[in-house]
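>>> after the sequence you'll find the predicted model.
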Amino acid sequence: MEIKRIINNNIVSSVDPYGRELVVMGRGIGFGKKPGQEIDEESVEKVFRMDNKDNLERFKELLARLPLEYIQLSADIISFAHSSTGKQLNQNVYLTLTDHISFAIERFKTGMLFSNALLEEIKLFYPKEYLVGKYALRLIREKTGLKMPDDEAASIALHLVNAEYGSQLSETYRMTSMIQEMMEYVKKAFPQFGENSMHRDWLVSNLKFMAHRLLNLSPVGGDGEDEFHEIIRQYCEEEYRLVDDINDFLMEKYDCSMTGEEKVYMAVSIRRTRDAYRG
């Protein structure tokens, strides 16, 4: 690789064999160098690729003004997230999470602390991402000496969820609120669902995918009623009534609706979870 542009002493841009721009990080990688010179491969610590040119330009601007330690922190957290969750992350997470972490650290240093209103929901709905957030706090403490609160682990988790779904942070907050509200309906009808258990976690997982579909994707499957739907409606009478109530709420607040097949699936999911508690 050769240097296309020097961003600072530790960051340069280059191009891959297909002509796509890369951002290359390494301590001192750009010091005393000029565009057109070869990059010292042994100095390369991280190579960033982004498909969106606007985001790439924003990322370069961000890197130009941040300490190398913050960039390395973010890259290490993202690498850990990928290996520990096994999920693919949108490359824009390097921009959004790096920006967030740098701002959170500077904010914490000045005593500006904000609570995360969705802390408990994030711990429940996104346990793997929250554990990555906890790892991030340990790493930040090791590198900076700052002991940040668990609320920050939840905020980092939401950035990772964004990267998994390719959504905006505001959409992820909206989706998390929707899951919380659907779960409140379920717990009100069946109080035992508030207990910690693998059965509740399984139901939450189903609600999470439901919320993502309702807010971001077109309906899958048909909406028609058939003989099978009627059998399920009779077999899961209480659960189906509850699903109808939830669907009315979703229509009123979020202007979206489950399909007939989704209502059947959700009723069966709730029934299965109830049976597991009884067993």
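Everything's here; your move. Residues are numbered from 1 along each chain as shown.

>>> tell me the buried residues in the one helix or strand in the chain whose mean pLDDT sits lowest?
Ranked by mean pLDDT, DSSP states H and E, the weakest helix or strand in the chain is helix 227-235, scoring a mean of 77. Using 16 or more other C-beta atoms under 10 Å as the test for burial, helix 227-235 gives 229, 232-233. C-beta coordinates here come from the backbone N, C-alpha and C atoms, glycine included.

>>> stretch 146-154 now?
Applying 16+ other C-beta under 10 Å to stretch 146-154 flags 148, 150-154 as buried.

>>> quick check: mean pLDDT across it?
Per-residue pLDDT values over stretch 146-154 give a mean of 93.

>>> give me the distance between the two termini of that stretch.
17 Å (C-alpha to C-alpha, to the nearest Å).

>>> cool, and stretch 138-156?
By C-alpha to C-alpha, the extent of stretch 138-156 from end to end equals 13 Å.

>>> before we move on, what about stretch 253-264?
Terminal residues of stretch 253-264 are spaced 21 Å apart (C-alpha to C-alpha).

>>> can you list the buried residues in that stretch?
Using 16+ other C-beta under 10 Å as the test for burial, stretch 253-264 gives 254, 258-259, 261-264.

>>> likewise for stretch 71-81?
Buried residues in stretch 71-81, counted by 16+ other C-beta under 10 Å: 71-75, 77-78, 81.

>>> try stretch 107-125
108, 116, 118-119, 121-125.

>>> repeat that for stretch 262-273.
Neighbour-count burial for stretch 262-273 flags 262-271, 273 (criterion: 16+ other C-beta under 10 Å).

>>> backbone phi and psi for the residue nearest the centre of the chain, please?
Most central residue of the chain, judged by C-alpha distance to the mean C-alpha position with C-alpha atoms, centre = their mean, is residue 161 at 0.9 Å. Per-residue torsions, residue 161: phi -60, psi -40 (degrees, to the nearest 10).
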